[in-house]
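In: missing the sequence, but the structure's below:
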């Protein structure tokens, strides 16, 4: 080896030293699940996380279907560290005991910090929107109550909207065709990826865009992206005609 330090070795050494530091700072902890009385649990008075009654009902519905599978995290005195929503939902359902884990290894300051961290770290995650759409559509196709996932099939309720920006499927295959310079591969949508003939795709667009148009107020603006092949096929004009006159003709903005 020459006189220059090996960058890989330096990186490994730094990671090893960091691991040693983390292990040295960890205290022994053997988590054990126990069932505790709901009435004995005390909410943290300075909990910054807020649960609406609607969300508590969602959690309660999830518990009824899936069970209470996520233990409440508590201090030795029964103070809730994480799981305020689950405890509120359990009370709503009349459940008397819940599974809990006592975080006896945390100091008072660490418990205070973990109340925030448990909520915020989960919020820092993102969604693979393509996979999410496929999974939700799969559940809908199986007649599963998709609202139990926390997502709603009726996102707008009774609201009337002023603007639509949408990019419906083009009825062309995605997997193997749509990619960024050959380096990125995208999965197929749940539908609209080449399996429909012209008439079927026209009805598909008229149905989906018609539902969107039905929620628009008069004079609303609608922007819809479309593939040039769709425009040349006449499907774009047919789907607009099926939207009860709410949507203006599509303009090519490219």
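Out: In hand now; what should we look at? Every value quoted in this text rests on a predicted model; they were computed, and no experiment measured them.
In: drop to CA atoms for contacts and neighbour counts, all remaining ones
Out: OK.
In: The residue nearest in space to the middle of the chain: what secondary structure?
Out: The residue at the geometric middle of the chain, judged as the C-alpha nearest the mean C-alpha position with C-alpha atoms, centre = their mean, is residue 127 (5.5 Å). What DSSP: H, G, I helix; E, B strand; the rest coil gives for residue 127 is coil.
In: How much space separates it from residue 34?
Out: For residue 127, the distance to residue 34 equals 33 Å [C-alpha to C-alpha, to the nearest Å].
In: got it, and residue 173?
Out: If you go by C-alpha to C-alpha, the gap between residue 173 and residue 34 works out to 51 Å.
In: Which of these two has more residues huddled nearby?
Out: Neighbours around residue 173 and residue 34, counted as other C-alpha atoms under 10 Å, are more numerous at residue 173. The numbers are 17 against 13.
In: Low-confidence bits of the stretch 101-250 of the chain, can you list those?
Out: 153-158, 176-186, 189-192, 226-250 (pLDDT under 70).
In: let's see it at 90
Out: Where the stretch 101-250 of the chain drops to pLDDT under 90, the residues are 119, 122-123, 125-147, 150-250.
In: can you give me the strands for it?
Out: Under the criterion DSSP state E, counting those that start in this stretch, the stretch 101-250 of the chain carries strands at the ranges 161-166, 216-224.
In: Mind listing what's buried along the shortest one?
Out: So the one you mean is strand 161-166. In terms of neighbour count (16 or more other C-alpha atoms under 10 Å), strand 161-166 has its buried residues at 161, 164.
In: Also stretch 66-82?
Out: Judged by neighbour count using 16+ other C-alpha under 10 Å, the buried positions of stretch 66-82 are 68, 71, 72, 73, 74, 75, 78, 79, 80, 81, 82.
In: Same check on stretch 169-177?
Out: Of all the residues in stretch 169-177, those buried under the rule 16+ other C-alpha under 10 Å are 169, 170, 171, 172, 173, 174.
In: Quick one: distance of that stretch to the chain centre.
Out: Using C-alpha atoms, centre = their mean, to the nearest Å, the distance from the centre of stretch 169-177 to the centre of the chain it belongs to is 24 Å.
In: Adjust the sequence numbering to begin at 42 for everything that follows.
Out: With the count now opening at 42, the last piece we talked about shows up as stretch 210-218.
In: picking that back up, quickly name whichever of the buried residues of stretch 210-218 is closest to residue 144.
Out: Looking at those and their distance to residue 144, the nearest is residue 215, at 47.8 Å (C-alpha to C-alpha).
In: Done for today, thanks.
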